[in-house]
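Chemist: Output the structure for:
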Amino acid sequence: MSEEYKGMAIGVFELESECACFVALDAAAKAADVKIQGVERNRLSAGACVKMRGTVSDVNAAMEAALRTAEPLSKIVSHTIIAAPSEEAETAIRMTINK
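Modeler: Reported below is the predicted structural model:
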């Protein structure tokens, strides 16, 4: 696990529009103390996935702000929060970011 994110919750949301992802991640970053870990473009569409890290309460607040901002701009494909990612999840997350 990257020591930078050790013990942090992770929030992930995916939208059909990459542009809307940047607007939503900006809202998330302004709403709470989260670090944007990565933005990954969808391979088969124009959308993207955003990964953010922070305390559970900060990630919850940031996710709410991101989804509220994204809703009128783009279809929300999926979203989730993992409060305490396992080592295996951390490895998988790191692999998708370092492609």
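Chemist: Enumerate the positions of the lowest-mean-pLDDT helix or strand in the chain that are buried.
Modeler: For the chain, the helix or strand with the lowest mean confidence is helix 87-97, at a mean of 76 (criterion: mean pLDDT, DSSP states H and E). Going by neighbour count (16 or more other Cβ atoms under 10 Å), the buried part of helix 87-97 is E90, I93. Just so you know, the C-beta spots here come from the backbone N, C-alpha and C atoms, and that holds for glycine as well.
Chemist: from the middle of its chain, how far away would it be?
Modeler: 14 Å (Cα atoms, centre = their mean, to the nearest Å).
Chemist: tell me what that helix is packed against?
Modeler: Here helix 87-97 touches strand 35-41, going by 3 or more Cβ pairs under 8 Å, 6 or more residues apart in numbering; DSSP states H and E.
Chemist: contact partners of the strand it packs on?
Modeler: 4-5, 8, 10, 18, 21-22, 25, 28-29, 47-54, 93, 96-97, 99 (Cβ atoms under 8 Å, 6 or more residues apart in numbering).
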